[in-house]
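S.K.: Here is my input; please provide its structure:
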Amino acid sequence: MSSPVVFKINAYAPGVTDKVYPTWAELAHDLTHIIRDELVELVEEGVPYIQIDAPQYTQLADPVHRERVKQEGRDPDQAIDEAIAAD
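M.R.: Numbers count the residues shown, from 1 in each chain. Okay, the predicted model is just below:
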């Protein structure tokens with residue numbers, strides 16, 4: 001299963017998504033609850049193993065990506081903390 005951060009990275013489009021979710025953190029919050037609910041249902045159905053794929057933390061360590069995050073008006077260190085919390 002993709003991590004909440006992967007959904008957030010692939011789904012957040014400035015000018016579109018921010019009309020409903022003004023911040024990445026707000027989108028991550030809802031994604032986290034949606035994915036958690038699905039995980040609970042999978043466990044209840046007897047799924048013995050669930051893997052969260054591609055958390056994307058290393059991307060936030062890359063200097064080019066960190067600069068892009070800054071240009072979006074976000075703090076890259078806070079973005080790492082938010083990603084870990086969401087996942």
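S.K.: what's the weakest-modelled helix or strand in this structure?
M.R.: helix 4-11 (a mean of 78; mean pLDDT, DSSP states H and E).
S.K.: Tell me, how many residues neighbour D87?
M.R.: 17 (other Cβ atoms under 10 Å). C-beta coordinates here come from the backbone N, C-alpha and C atoms, glycine included.
S.K.: Using PDB, list the CA coordinates for the host helix or strand of E67.
M.R.: Using DSSP states H and E, the element containing E67 is helix 63-71. The C-alpha trace of helix 63-71 is given here as PDB (Å, rounded to 0.1, in the frame of the first residue of the first chain):
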ATOM      1  CA  PRO A  63      19.300  19.600  -1.800                       C
ATOM      2  CA  VAL A  64      17.400  20.200  -5.100                       C
ATOM      3  CA  HIS A  65      14.100  18.900  -3.600                       C
ATOM      4  CA  ARG A  66      14.600  20.800  -0.400                       C
ATOM      5  CA  GLU A  67      15.000  24.000  -2.400                       C
ATOM      6  CA  ARG A  68      11.800  23.300  -4.300                       C
ATOM      7  CA  VAL A  69      10.000  22.800  -1.000                       C
ATOM      8  CA  LYS A  70      11.300  26.100   0.300                       C
ATOM      9  CA  GLN A  71      10.100  27.800  -3.000                       C
END
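S.K.: all helices of the chain, in order?
M.R.: Remark: helices assigned in the chain by DSSP state H are 4-11, 24-44, 63-71, 76-86.
S.K.: worst average pLDDT in these?
M.R.: Mean pLDDT is lowest for helix 4-11 among the helices of the chain, at a mean of 78.
S.K.: Residues in contact with that one: which ones?
M.R.: 17, 24, 27-28, 31-32, 35, 53-56, 59, 83, 86-87 (Cβ atoms under 8 Å, 6 or more residues apart in numbering).
S.K.: That concludes my questions; thank you for your assistance.
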